[in-house]
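Student: predicted model follows, preceded by the sequence.
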Amino acid sequence: MTDEEKQEISSIASVKDAEVTEESGDNVDKLERHESYISVHDPRSFPDGGLQAWLCVFGGFCCLFCSFGWVNVIGIFQGYYQSNQLKAYSPSTVSWISSLETFFMFFCGIFVGRLFDAYGPRYILLAGTFLHVFGLMMASISTEYWHFLLAQGICSAIGASMIFYPAMSCVSTWFFKKRAFALGIMASGSSLGGVIFPIMIRRLIILVGFGWSMRITAFLILGMMVMANLTLKSRLQPKGSTPWKITDFTRQFSDLPYCLLVGASFLFFFGMFLPFNFLPLYGQKHGMSPDLSNYLISILNAASIFGRIIPGYMGDKLGRFNMMIFIAYLSAILVFALWIPSTGSIAIIFFAALYGFSTGAFVSLAPALVAQISDIREFGARSGALFAVVSFGALTGNPIAGAIMSKYNGGYLGAQIFAGAMLMAASTAFLLARFRLGGGIRAVV
């Protein structure tokens, strides 16, 4: 081989090496660019703070104040309607108003969650604001049993549902590591509403009558919802409209941990609302003045402010399932060990405060548990399906307890045992869900 041929081969090899090197450099650049892209659904992309995120929490706080905070005052209306407009009806019959209110607020989540995933929160919030305020305005002029069922039990409740779910879903898109804590702050709005609304309504009824007390309350809710509509925003873009199929909902239940979580939440709701509904009447039966007994709901909800925030914060550190199991068992123990034997005012007030704290954690932890075991893009549908199922527990729990009380001549023991048993069963189901996810006893789950 001549020197010229060797030189030509060497030149060709050099050019190929340069091309390979350049191609490798391009591939490295491509890899670097690829690695620098993080999906909005990736846990690393959640801001876990910032102005827009915390404004969203504030908007969610306003939503929970107006929706779940309103549902928390059902005990006030149970006693008032039994003594006034609906005194001709049994406690079980009257309790259907509050049960329908709770049922529709949660059951509509199966539709609202799907709408949220498709279109985002804006129009859902606007429609919910109108329905909630309109329903309360109609309740203010109601005189017959069916009037209250339609206005307060259905119309207002559907509006509250369209306020509740967008708030819960929007906040979850901004937080990952601090999700339970952020949801706890948001959910404390429901506790504050549960403190303010009973005192406000009771005082207004004395000053201006039932009709204007409901109208003033509706105007307060309207003002809060104006702020919520301005600040609540999802971090994710809506997926857009897709055909509605029954499998979109049923396929969620192919996941065993999710099924156990749904079952546990159903049982928890089955028993949780009984003290909310009957505690004022229970206090009056054991010697409390009507004025003091009506403050029991405010005491319960005031304690639940801390129950919303502290267990949520601890759940982010120690495990959200672990914390839910603890507060569920604590709620059941309080019913059996404190509510059943309590007959004096101090014991009943003490129970109201502790029970408010323990059950308050459910509202902040339940959405966090759903998000923990779900793709965030399906959070709206999955959380909506969960609350739609538990709505049947909220619907039937109070009437069943009322029927038990009627059978035993107004005695509360049967209803108390029923509530405690449901809470104990729910606690065990949460425990099963936690161990199905894996990890030892000391694991952070």
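Tutor: In hand now; what should we look at?
Student: okay, and for the protein, where does confidence drop off?
Tutor: Applying pLDDT under 70 to the chain flags residues 1-44, 75, 248.
Student: so what's the residue nearest the centre of it closest to, chain neighbours aside?
Tutor: Centroid-nearest residue in the chain: residue 363, 4.3 Å away (criterion: C-alpha atoms, centre = their mean). Leaving out its chain neighbours, the residue that sits closest to residue 363 by C-beta to C-beta, 6 or more residues apart in numbering is residue 187, at 4.2 Å. Placement of C-beta: from N, CA and C, glycine included.
Student: relative to residue 56, how far out is that neighbour?
Tutor: Counting by C-beta to C-beta, to the nearest Å, the gap from residue 187 to residue 56 is 14 Å.
Student: who's more crowded, those two?
Tutor: residue 187 (32 against 27; other C-beta atoms under 10 Å).
Student: check contacts around the more buried one.
Tutor: 64, 68, 308, 312, 360, 363, 364 (C-beta atoms under 8 Å, 6 or more residues apart in numbering).
Student: so which helix or strand takes in it?
Tutor: Per DSSP states H and E: residue 187 is located in helix 179-231.
Student: show me what the following helix or strand past that helix is packed up against.
Tutor: Next in sequence after helix 179-231, counting helices and strands by DSSP H and E, comes helix 247-250. In terms of contacts (3 or more C-beta pairs under 8 Å, 6 or more residues apart in numbering; DSSP states H and E), helix 247-250 is packed against helix 109-119, helix 379-407.
Student: mind redoing it with 6 Å?
Tutor: Contact partners of helix 247-250 among helices and strands, from 3 or more C-beta pairs under 6 Å, 6 or more residues apart in numbering; DSSP states H and E: none.
Student: now that helix - C-alpha only, CSV.
Tutor: Extracted in CSV, the C-alpha atoms of helix 247-250 (Å, rounded to 0.1, in the frame of the first residue of the first chain):
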residue,chain,number,x,y,z
THR,A,247,-66.7,1.8,32.8
ASP,A,248,-65.1,5.1,33.5
PHE,A,249,-66.5,4.7,37.0
THR,A,250,-66.6,1.0,37.5
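Student: check which residues of the helix or strand following it are buried.
Tutor: Using DSSP H and E, the helix or strand that directly follows helix 247-250 along the chain is helix 256-285. Using 16 or more other C-beta atoms under 10 Å as the test for burial, helix 256-285 gives 257-284.
Student: what's the answer for stretch 218-227, then?
Tutor: Buried-residue list, stretch 218-227, by 16+ other C-beta under 10 Å: 218, 220, 221, 222, 224, 225.
Student: what's in contact with that stretch?
Tutor: The set of residues external to stretch 218-227 that reach it, using C-beta atoms under 6 Å, 6 or more residues apart in numbering, is 62, 65, 66, 129, 133, 136, 137.
Student: what about the helices in the stretch 301-445 of the chain?
Tutor: In the stretch 301-445 of the chain, the helices defined using DSSP state H, counting those that start in this stretch lie at 320-334, 345-372, 379-407, 413-436.
Student: closest one to residue 116 among these?
Tutor: Nearest to residue 116 among these is helix 379-407 (4.1 Å), distances taken as C-beta to C-beta.
Student: show me how far the closest one is from its chain's centre.
Tutor: Put simply, helix 379-407 sits 14 Å off its chain's centre (C-alpha atoms, centre = their mean, to the nearest Å).
Student: what helices or strands is it leaning on?
Tutor: Applying 3+ C-beta pairs under 6 Å, 6+ apart, we find helix 379-407 packed against helix 91-107, helix 109-119, helix 156-174, helix 256-285, helix 345-372, helix 413-436.
Student: just put those in TSV and tack on distance to residue 404.
Tutor: Converted to TSV, the helices and strands packed on helix 379-407 look like this (distance: least, C-beta to C-beta, whole Å):
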stretch	distance to residue 404
helix 91-107	9
helix 109-119	28
helix 156-174	24
helix 256-285	10
helix 345-372	19
helix 413-436	4
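Student: deepest in the core, which of the ones you listed is it.
Tutor: helix 156-174 (a mean of 28; mean count of other C-beta atoms under 10 Å).
Student: what angle do it and helix 379-407 make?
Tutor: Comparing the axes of helix 156-174 and helix 379-407 via axes from the mean of the first three to the mean of the last three C-alpha atoms, to 10 degrees yields an angle of 140 degrees.
Student: export helix 156-174 to PDB, keeping only CA atoms.
Tutor: Output of helix 156-174 as PDB, limited to C-alpha atoms (Å, rounded to 0.1, in the frame of the first residue of the first chain):
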ATOM      1  CA  SER A 156     -78.700  23.700  48.000                       C
ATOM      2  CA  ALA A 157     -76.900  20.400  48.500                       C
ATOM      3  CA  ILE A 158     -76.200  19.900  44.700                       C
ATOM      4  CA  GLY A 159     -74.800  23.400  44.700                       C
ATOM      5  CA  ALA A 160     -72.600  22.700  47.700                       C
ATOM      6  CA  SER A 161     -71.300  19.600  45.900                       C
ATOM      7  CA  MET A 162     -70.300  21.600  42.900                       C
ATOM      8  CA  ILE A 163     -68.400  23.900  45.300                       C
ATOM      9  CA  PHE A 164     -66.800  21.200  47.400                       C
ATOM     10  CA  TYR A 165     -65.200  18.900  44.800                       C
ATOM     11  CA  PRO A 166     -63.400  21.500  42.600                       C
ATOM     12  CA  ALA A 167     -61.800  23.000  45.700                       C
ATOM     13  CA  MET A 168     -60.500  19.600  46.800                       C
ATOM     14  CA  SER A 169     -59.300  18.700  43.400                       C
ATOM     15  CA  CYS A 170     -57.600  22.000  42.600                       C
ATOM     16  CA  VAL A 171     -55.600  22.100  45.800                       C
ATOM     17  CA  SER A 172     -54.400  18.500  45.200                       C
ATOM     18  CA  THR A 173     -52.800  19.600  41.900                       C
ATOM     19  CA  TRP A 174     -50.500  22.100  43.600                       C
END
